[in-house]
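*Asks:* Quick one: sequence plus predicted model below, questions after.
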Amino acid sequence: MSYAGTMRALAAGGALMMMAGPAFSLDGADLVAKLNAAMGMPGAPLAAQTIDVRGSTVTLRGATYKPVEADPAITLGDITLEGVEEDNGGYFIETVAFPDVTATEDKTTVTISDISMSGVTVPATATGDSLDSVLLYEEASTGPMKVTVDGKTVFSVTSSSSATDVAEDQSAVGFAIEVDGIEADLSTVEDAKSREALQSLGMTKLSGTMSLSGSWQAEEGVVDLEEYVFDFANVGKLSMALSFSGYTMDFVRAAQQASQAMEANAGKEAQDAASLAMLGLMQRLTFNSAEISFQDAGITSRALDYAGKEQGVSGENMAQMLKAMTPMMLAQYNVPKLQNMVTEAVNTYLDNPGNLTISAEPENPVPFPMIMGAAMGAPNTLPDVLGVTVEANRRQ
């Protein structure tokens with residue numbers, strides 16, 4: 001091929017590459033816009049000074065986050081999104097890496113490091129009625145987090161992680177959260193009386209973990225919070241579970257609109273109208289079941305000793321006083337069945353602190369309006385409506 005022919009071929013190839021380039025390059029601005037739309041917040045909470053796109057990597061330089069329009073934006077720095085792919089109008093992001101966060105206000109400083117997410121799905125449209133219109137991620141984690149006041153650490157976390165698992169048919173999503181190495185220093189509480197109580201209870205320093213797991217069936221609107229646990233050494237483990245229905249995508253959209261209306265309109269009339277809308281939404285929910293349980297790890301005996309000391313008696317005598325007071329306190333509510341259950345459970349627990357469990361399992365799901373009606377009109381019927389039981393030292 002002649003020199004001139006070679007140059008013409010190169011020029012033609014270059015022109016083709018230039019024309020093809022925009023078709024295959026990522027639109028960073030569109031990605032950010034769809035991220036904001038999927039967050040379901042007013043305005044554009046996520047912003048960046050510049051958006052740098054290089055291949056499948058998108059860098060949001062000088063990024064800020066503003067969840068509430070009236071509040072100042074939080075400076076995040078440069079956020080790096082790697083392995084970004086366009087997916088039917090939406091996006092899939094392999095990993096998102098955030099810069100370490102340091103925020104200071106007055107004497108308080110918060111630091112968080114090693115923040116990342118993976119397997120992020122950004123929907124093409126956030127107005128659909130299935131999970132493919134929801135912003136989802138497979139895993140997220142942080143490293144150490146610390147809160148200091150006047151240079152002294154008052155709260156810290158070693159690490160946290162969360163994961164989601166979306167069903168193949170996009171009908172449901174499971175979720176789990178773990179927070180490890182929670183440390184809280186309560187010795188700095190300023191009120192002398194409160195500080196004395198915490199010292200007597202052995203709670204000037206807390207050490208523990210938190211975990212949560214559950215699922216959401218989006219089409220049926222069923223939320224099962226299977227386990228929500230706070231476990232603190234030398235204190236105890238508080239476990240909660242809850243199941244309710246009616247939390248559909250339609251409910252989520254309506255709740256977001258009501259919340260945005262409350263934020264956008266500060267006037268009392270607008271606030272009242274938005275509050276009524278939220279109350280109306282709550283009436284679309286149905287209660288399935290709930291349970292709360294406490295497993296003692298030493299706090300009960302210390303609490304009895306402290307309360308007894310305040311009354312001038314021993315912890316054992318304080319326990320006997322509580323056992324005698326329980327049926328008398330409950331008698332005024334005219335719920336004899338519940339009164340007997342609670343009295344028996346309290347007696348068993350105070351004699352040998354183990355665990356105390358309160359469950360609510362109605363024979364059939366109960367609409368929230370029925371619960372509110374019973375609470376206002378005949379509160380003594382609520383235990384039967386909800387199928388309430390109280391037990392102590394139940395086998396775990």
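*Replies:* It's in.

*Asks:* How about residue 379: what's its closest non-neighbour residue?
*Replies:* residue 333 (7.3 Å; CB to CB, 6 or more residues apart in numbering). (Glycine included, C-beta is placed from N, CA and C.)

*Asks:* To clarify, my last question referred to residue 58.
*Replies:* Using CB to CB, 6+ apart, the closest residue to residue 58 is residue 81 (4.4 Å).

*Asks:* who's in contact with the one you found?
*Replies:* Contacts for residue 81 (CB atoms under 8 Å, 6 or more residues apart in numbering) come out as 31, 57-60, 93, 95-96, 120.

*Asks:* so the residue nearest to residue 379 sits in a helix?
*Replies:* No. Secondary structure assignment (DSSP: H, G, I helix; E, B strand; the rest coil) places residue 333 in coil, not in a helix.

*Asks:* Near residue 370, how many other residues are there?
*Replies:* 16 (other CB atoms under 10 Å).

*Asks:* What score does residue 389 have for pLDDT?
*Replies:* As predicted, residue 389 sits at a pLDDT of 96.

*Asks:* so it makes contact with residue 342?
*Replies:* No. The pair formed by residue 389 and residue 342 falls short of the contact definition of CB atoms under 8 Å, at 10.0 Å.

*Asks:* what ranges of the chain fall below the confidence cut-off?
*Replies:* For the chain, the stretches flagged by pLDDT under 70 are 1-24, 263-271, 274, 396.

*Asks:* Dihedrals phi and psi, residue 203?
*Replies:* Per-residue torsions, residue 203: phi -120, psi 30 (degrees, to the nearest 10).

*Asks:* Neighbour count for residue 389 and residue 342, which is higher?
*Replies:* residue 342 (21 against 16).

*Asks:* Skip the chain neighbours and tell me the closest residue to that one.
*Replies:* Here the residue nearest residue 342, using CB to CB, 6+ apart, is residue 390, at 5.0 Å.

*Asks:* doesn't the one you found fall inside a strand?
*Replies:* Yes. Read with three-state DSSP, residue 390 is one of the residues of a strand.

*Asks:* bridging residues for it?
*Replies:* With DSSP bridges applied, residue 390 shows beta-bridge pairing to residue 358.

*Asks:* do the same with residue 238
*Replies:* Beta-bridge partners, per DSSP bridges, of residue 238: residue 230, residue 294.

*Asks:* Could you double-check that it lies in contact with residue 229?
*Replies:* Yes. Between residue 238 and residue 229 a contact is recorded at 7.0 Å, counting by CB under 8 Å.

*Asks:* coming back round to it: return the subset of the contacts of residue 81 lying in strands.
*Replies:* Among these, the ones falling in strands (DSSP state E) are 57-60, 93, 95-96, 120.

*Asks:* Any figure for the gap between the residue nearest to residue 205 when sequence neighbours are not counted and residue 192?
*Replies:* Spatially, and ignoring its direct neighbours in sequence, residue 205 is nearest to residue 185 (5.7 Å; CB to CB, 6+ apart). Residue 185 sits at a distance of 17 Å from residue 192 (criterion: CB to CB, to the nearest Å).

*Asks:* contact partners of stretch 139-153?
*Replies:* Residues contacting stretch 139-153 (CB under 8 Å, 6+ apart): 107-119, 154-164, 183, 185, 188.

*Asks:* Show me which residues of stretch 311-318 are buried.
*Replies:* Neighbour-count burial for stretch 311-318 flags 313, 315, 318 (criterion: 16 or more other CB atoms under 10 Å).

*Asks:* Equivalent analysis for stretch 302-312, please.
*Replies:* Buried residues in stretch 302-312 (16+ other CB under 10 Å): 302-308.

*Asks:* neighbour-wise, which of residue 185 and residue 192 wins?
*Replies:* The residue with more neighbours, out of residue 185 and residue 192, is residue 185; 16 against 8, by other CB under 10 Å.

*Asks:* how near is that one to residue 146?
*Replies:* Distance from residue 185 to residue 146, by CB to CB: 11 Å.

*Asks:* do the same with residue 199
*Replies:* From residue 199 to residue 146 the distance is 24 Å (CB to CB).

*Asks:* next one: residue 49
*Replies:* With the distance defined as CB to CB, residue 49 ends up 28 Å from residue 146.

*Asks:* Among the two, which residue is more densely surrounded?
*Replies:* Between residue 49 and residue 146, residue 146 has the larger neighbour count (other CB under 10 Å), namely 16 against 10.

*Asks:* Helices of the chain, start to end?
*Replies:* Secondary structure of the chain (DSSP state H): helices at 3-24, 28-39, 192-200, 249-264, 268-282, 299-311, 315-331, 336-351, 368-377, 382-386.

*Asks:* Using a markdown table, lay out the ones you listed together with distance to residue 173.
*Replies:* What follows is the helices of the chain, written out as a markdown table (distance: least, CB to CB, whole Å):
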| stretch | distance to residue 173 |
| --- | --- |
| helix 3-24 | 32 |
| helix 28-39 | 14 |
| helix 192-200 | 40 |
| helix 249-264 | 12 |
| helix 268-282 | 21 |
| helix 299-311 | 36 |
| helix 315-331 | 41 |
| helix 336-351 | 36 |
| helix 368-377 | 23 |
| helix 382-386 | 27 |
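
*Asks:* quick one: contacts for the residue nearest to residue 375 when sequence neighbours are not counted?
*Replies:* Nearest non-adjacent residue to residue 375, counting by CB to CB, 6+ apart: residue 382, 6.2 Å away. Contact analysis of residue 382 by CB under 8 Å, 6+ apart lists 371, 374-375, 388.

*Asks:* Show me just the buried residues among those residues.
*Replies:* In the contacts of residue 382, burial by neighbour count holds for 371, 374, 388, counting by 16+ other CB under 10 Å.

*Asks:* Identify the contacts common to residue 185 and residue 146.
*Replies:* In contact with both residue 185 and residue 146: 153, 155, using CB under 8 Å, 6+ apart.

*Asks:* which of the contacts of residue 382 lies closest to residue 207?
*Replies:* Nearest to residue 207, judged by CB to CB, of these is residue 388 at 33.2 Å.
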